[in-house]
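> need a 3D model of the sequence below.
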Amino acid sequence: MSRPHGEEKGYLALILHAHLPFVRHPENRHHLEELWLFEAITDTYLPLLDLMEGWVEDGIPFHLTMSITPPLASMLADPLLQRRYVEHLERSIALAHREMRRTQHQPHVHRLARMYRDRFLHARKAFLQRYRADLLNAFSRFRAHGLELIASAATHALLPLTEPHISAAAAQIRAGVEHHRQVFRETPCGFWLPECGYSPNLDHLLVKEGIRYTIVDTHGVLHARPRPLYAVYSPVYTPRGLAVFGRDVETSKQVWSATEGYPGDPVYREFYRDIGYDLPWEELSPYLPWGVRTDTGFKYHRITGRTHHKEFYDPDLAQERAREHARNFVFNRIHQIRYLAQHMDRKPVVVAPYDAELFGHWWFEGPWFLDEVIRHVHRNQHEFRLTTPKKYLEEHPTHQVAEVATSTWGYMGYFEVWLNGSNDWIYRHLHEASRRMQELAEAFERPTPIEERALNQAARELMLAQSSDWAFIMKTNTVVEYAVRRTKEHLHRFFLLADQLELRSVDANFLAALESRDNLLPWVDYRSYRSAPALPTSRGESAGAAGTRLPASTTLPAFSRT
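Next up is the predicted model:
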C-alpha cells in the first residue's frame with residue numbers, strides 16, 4: 001500500500017528532453033541524416049508511447065515531464081518524412097527476413113534476428129494503425145494521465161551565445177513558445193533551455209512569454225548568489241520571478257555515465273557493433289540506399305567489456321538486469337530523499353533530466369529500466385512520489401530568491417563544447433546575421449505580402465543556423481562536413497534574403513523554394529527580432545549587486561491550468 005497523499009517525504013521529477021536537429025531533404029530521394037529521425041522513432045518515441053499505454057491500462061499513476069522541441073515536432077508532423085519513415089520500416093522488415101534466413105543455423109543469432117523483425121513489425125503497426133502517423137497527438141493525449149509537456153527554443157539555439165544581440169534570444173524563445181501553443185493547444189508553464197544553457201539575461205524573456213520555470217545544471221544553482229540554502233533539492237526564484245530547478249548529480253551519473261552508470265553494464269546491448277559494418281557490402285546494399293555503410297539497427301552483441309571481442313546479446317538477461325538497476329535506482333532515491341527530508345523545512349525534490357533518446361536508442365534497455373522505475377515506485381515504496389516541476393510549485397509555492405549562475409550541462413559545464421577552436425568561427429557570422437535581422441525587423445513596419453514572407457523565412461534561416469547541434473557535431477568530430485555545410489547554407493540563404501529585402505526586390509521563386517525546403521516554424525513572426533526591452537536595472541532586485549540583500553523567500557502566484 002502507498003502512503004496517503006501528503007505523507008511522503010519528498011519527490012522525484014523525471015524530465016525527458018526529446019530533440020533532434022531539423023533534417024529534411026526533399027531534394028534527395030534518400031538522405032543519410034534523415035536516419036536520425038527514423039531510428040529515434042523506432043528506438044525511443046514509439047517505445048515511450050508503449051510504456052505510457054501500459055501504465056494507463058494497468059492503472060499506474062505516473063508523472064513525467066517531457067519537452068518536444070519545435071524541430072522534432074516539425075519533422076514528426078511532416079508528411080514527407082512520415083512517408084520516408086514507413087519506407088525505412090519496410091526496408092528494415094525486408095532485411096529482418098533476410099537475416100532470419102541467413103542465421104537459420106545459428107539459433108542464438110536467429111532468435112535476435114526474429115526479435116528485430118517483430119520489433120519493426122510492431123513499429124509499423126503502431127505508427128500506421130494505432131497512431132495514424134500522428135505521434136504529436138499521441139503524446140498529447142497522455143497529458144490527461146500525468147505527462148506534462150514543456151516548450152523549448154525555436155531551433156535549439158544555445159541562447160547565451162546569441163549575445164550580444166538579446167533580440168535573437170527573445171525571438172528563439174517567443175517562436176518556441178508560440179509553436180508549443182499552436183501544436184499542443186496550451187500555454188506552457190515550463191521551458192527547456194537548449195543544453196541547459198542559462199544566463200541571467202534570459203529569465204525576464206522567459207517570464208515575459210508566460211514561462212514559470214526552467215531547469216539548469218547543478219552548478220547553475222549551486223553557484224547562485226546568495227547560495228541556495230537547500231542546494232538543488234528545492235527550486236529558487238530569480239529576481240524576475242522565474243523558478244529554476246537544478247539537476248541532481250547522483251541520478252545523473254547513475255543513468256548517464258557509460259563508465260559509472262547502469263548503461264555500461266556488460267550484459268547490455270553494444271551500440272557500436274552493427275551488421276551494417278560486419279556483413280559484406282553486396283549482401284547489404286539493397287537495404288542501404290544511401291550507398292554507404294551505416295547502422296541498420298541489427299546489433300547482435302553485448303558490451304562484454306573493454307575488449308574488441310564481444311559476446312552475443314541475451315535480451316532476457318539484459319531485461320532482468322534493467323529491472324535490477326531500476327530497483328536499485330529507486331532504492332537509492334528512497335535513502336537520498338529520507339536523508340534530505342531530515343535537513344529541510346520542506347519536502348525535497350530530486351530533479352532527474354535526461355535526453356529522451358538515451359532511452360532505447362543509445363541505451364537499448366532504457367525503456368525497460370524506465371518502465372520498472374515507474375512501476376516500482378507505485379508498487380513497493382512509500383517514501384516519495386513522482387511529480388513534475390509544475391505540480392511541485394503548485395504544492396510548494398514559497399522559495400528562496402537568488403541570481404542563478406551562467407551555466408550549461410555537458411562537458412566542463414559551461415560553453416566549451418559549443419565554443420572552441422573547432423567551431424568558434426561560426427559566431428561572428430551568426431552575430432552579424434542577428435544584427436541584420438534586427439535591423440530588417442525594425443525597418444519593415446508595413447511590408448508587402450511577399451516581403452513579409454521573405455522576412456519570416458529569413459528568421460527561419462537564421463534560427464536554423466543557430467542550432468546548437470551543428471557546433472556540437474563539429475566538436476565531437478562525427479559528421480562534421482554535414483554540420484559545417486548546414487551552418488553555411490542557412491547563413492547564405494539568410495544573407496541572400498537580407499540583400500533582396502534591402503533592395504526591395506525579393507526573388508519569388510527563390511523564396512518559394514526555401515519555404516518548401518525549410519518549412520518548420522509556420523508561426524514565426526519576424527517582428528520578434530525588434531529591439532528587446534532593456535534588462536531590469538533595479539540594483540535592489542539583483543543578487544549580483546554589491547551590498548544588496550534579497551528577501552529570504554518569495555511566493556509567486558499559483559499556476560492556472562489552460
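> going forward, measure contacts and count neighbours with C-alpha atoms only.
Noted.
> where exactly do the helices run in the stretch 51-200 of the chain?
According to DSSP state H, counting those that start in this stretch, the stretch 51-200 of the chain carries its helices in the segments 70-76, 79-102, 107-125, 135-141, 166-184.
> and those as TSV, adding mean neighbour count?
Shown next, in TSV, are these (neighbours: other CA atoms under 10 Å):
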stretch	mean neighbour count
helix 70-76	22
helix 79-102	18
helix 107-125	18
helix 135-141	17
helix 166-184	24
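> mind putting those in JSON lines, mean pLDDT and distance to residue 215 included?
Below are the helices of the stretch 51-200 of the chain laid out as JSON lines (pLDDT from 0 to 100; distance: least, CA to CA, whole Å):
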{"stretch": "helix 70-76", "mean pLDDT": "98", "distance to residue 215": "18"}
{"stretch": "helix 79-102", "mean pLDDT": "98", "distance to residue 215": "31"}
{"stretch": "helix 107-125", "mean pLDDT": "98", "distance to residue 215": "32"}
{"stretch": "helix 135-141", "mean pLDDT": "98", "distance to residue 215": "21"}
{"stretch": "helix 166-184", "mean pLDDT": "97", "distance to residue 215": "15"}
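> which one, of these, ends up nearest to residue 340?
For the helices of the stretch 51-200 of the chain, proximity to residue 340 was assessed by CA to CA; helix 135-141 is nearest, at 33.4 Å.
> list the contacts for residue 497?
454, 455, 458, 506, 511 (CA atoms under 8 Å, 6 or more residues apart in numbering).
> and it, that's in a strand?
No. Counting by DSSP: H, G, I helix; E, B strand; the rest coil, residue 497 is located in no strand; its state is helix.
> what's the pLDDT at it?
In this model, residue 497 is scored at 98, pLDDT.
> before we move on, what about residue 533?
52.
> circling back: pick out whichever of the contacts of residue 497 sits closest to residue 100.
residue 511 (48.8 Å).
> kindly confirm my reading that the closest one is in a helix.
Yes. Assessed with three-state DSSP, residue 511 lies in a helix.
> any regions of the stretch 251-400 of the chain where pLDDT drops low?
Low-confidence segments of the stretch 251-400 of the chain (pLDDT under 70): 381.
> can you map out the helices along it?
Using DSSP H, counting those that start in this stretch, helices in the stretch 251-400 of the chain cover 275-278, 281-284, 315-341, 366-380, 389-395.
> which helices and strands does the longest one pack with?
To tie it back to what came earlier, the one meant is helix 315-341. strand 10-18, helix 366-380 (3 or more CA pairs under 8 Å, 6 or more residues apart in numbering; DSSP states H and E).
> what's the farthest-apart pair in the contacts of residue 497?
458 and 506 (11.5 Å).
> what about residue 238, neighbour count?
Other residues near residue 238 come to 24 when the count uses other CA atoms under 10 Å.
> right, and it touches residue 245 too?
No. Using CA atoms under 8 Å, residue 238 is not in contact with residue 245, being 10.9 Å away.
> mind pulling the model confidence for the residue nearest to residue 210 when sequence neighbours are not counted?
Nearest non-adjacent residue to residue 210, counting by CA to CA, 6 or more residues apart in numbering: residue 189, 6.9 Å away. With respect to pLDDT, residue 189 scores 98.
> how many residues are close by residue 189?
Residue 189: 23 neighbours (other CA under 10 Å).
> surely it and residue 211 touch.
Yes. Using CA under 8 Å, residue 189 is in contact with residue 211, at 5.0 Å.
> tell me the one among the contacts of residue 497 nearest to residue 225.
residue 458 (39.0 Å).
> where's the closest one, which helix or strand?
helix 449-465 (DSSP states H and E).
> can I get the helices and strands packed on helix 315-341 in a markdown table with mean neighbour count?
Output for the helices and strands packed on helix 315-341, formatted as a markdown table (neighbours: other CA under 10 Å):
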| stretch | mean neighbour count |
| --- | --- |
| strand 10-18 | 23 |
| helix 366-380 | 20 |
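> ok, which of those comes nearest residue 255?
helix 366-380 (9.0 Å).
> give me the residues contacting that closest one.
1-2, 44, 47-48, 51, 60-62, 319, 322-323, 325-327, 329-330, 358-360, 384-386.
> weed out the non-buried ones from those.
Among those, the ones that count as buried by 16 or more other CA atoms under 10 Å are 44, 47-48, 51, 62, 319, 322-323, 325-327, 329-330, 358-360, 384-386.
> could you chop the protein up by domain?
Under automatic domain parsing, the residue ranges defining each domain of the chain are 11-77+134-265+329-413, 426-529.
> reformat the ones you listed as CSV; add distance to residue 306.
Output for these, formatted as CSV (distance: least, CA to CA, whole Å):
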stretch, distance to residue 306
domain 11-77+134-265+329-413, 10
domain 426-529, 21
